[in-house]
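[1] based on what follows, work out the 3D shape:
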Amino acid sequence: MSHAKSTAPVRIIGAGQHAAMVASVVSAAGYTIKGFYADDPPMIGKSILGHPVIGMIGELESETATNGVIAIGSNEARRVIANKLNLNWITAIHPSAVVFPEVTIGPGTLVFAGTVIEYAVDIGSHVIVNSASCLAHNCKVSDYAHVVAADVSSNAFVSEGAFIGIRATIMPGVTVGAWSTVGAGALVTKDIAAGQTVIGQPARPIGKVV
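    Have a look, this model is predicted:
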């Protein structure tokens, strides 16, 4: 797997704690950071990891050939911003991540430190694969999903916008529905419906856990 890398500086959208972590990944991946943009006026003029908070997100609406990445944890917020702006969305992979051959990773996606992505995994756009996650061979993670130090087993399917909580496990062949939420430490053994929230071992919808 290889990604063509533009040398143009990257605009990071977001200015919170997650944005600082994203900046670390972007720098480690070999990019230069221009600065941060956020709809948080008190932050403008301040700096994060030595890089300035330049302005509001709307200031980027006229940009078309600018490198950018969305550093906001909310899956829905990333979707809205990605559809609003027409930037050149970079893919940043921390050098400590292990990425096997034949892996597909879409634009705007971030792969954090210590992650393992096995053979023939398909990852969509604007996905966050957070630190120490493991994506087993032949699984798929769709656009705007967020995997937080979790395990997605072989041939599992994580649908658009789904959130997989810390230390959760998605068993082989299971489908996690669009915009659903898997709670921390959950063991998902059956398909999850779109928009559903599940917790527990085995995972069950909230309100049905015994």
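[2] how much space separates the closest residue to H18 other than its chain neighbours from A178?
    Nearest residue to H18 in three dimensions, chain neighbours excluded: G73, at 4.8 Å (Cβ to Cβ, 6 or more residues apart in numbering). C-beta here means a position set from N, CA and C on the backbone, and glycine is covered the same way. Distance, G73 to A178, by Cβ to Cβ, to the nearest Å: 18 Å.
[3] quick one: low-confidence parts of this protein?
    Low-confidence segments of the chain (pLDDT under 70): 1-7, 207-210.
[4] got the contact list for the longest helix seen in it?
    Using DSSP state H, we find that the single longest helix of the chain is helix 17-28. Helix 17-28 is contacted by residues 10, 12, 14, 33, 36, 38, 48-49, 51, 69, 71-73, 90, 92-96, 110-113 when judged by Cβ atoms under 8 Å, 6 or more residues apart in numbering.
[5] same check on stretch 168-181?
    Contacts for stretch 168-181 (Cβ under 8 Å, 6+ apart): 75-76, 136, 139, 142, 148, 150-165, 182-198, 203.
[6] from F112, how far off is the residue nearest to H18?
    12 Å.
[7] F36 contacts A15, doesn't it?
    Yes. Counting by Cβ atoms under 8 Å, F36 touches A15, with 4.7 Å between them.
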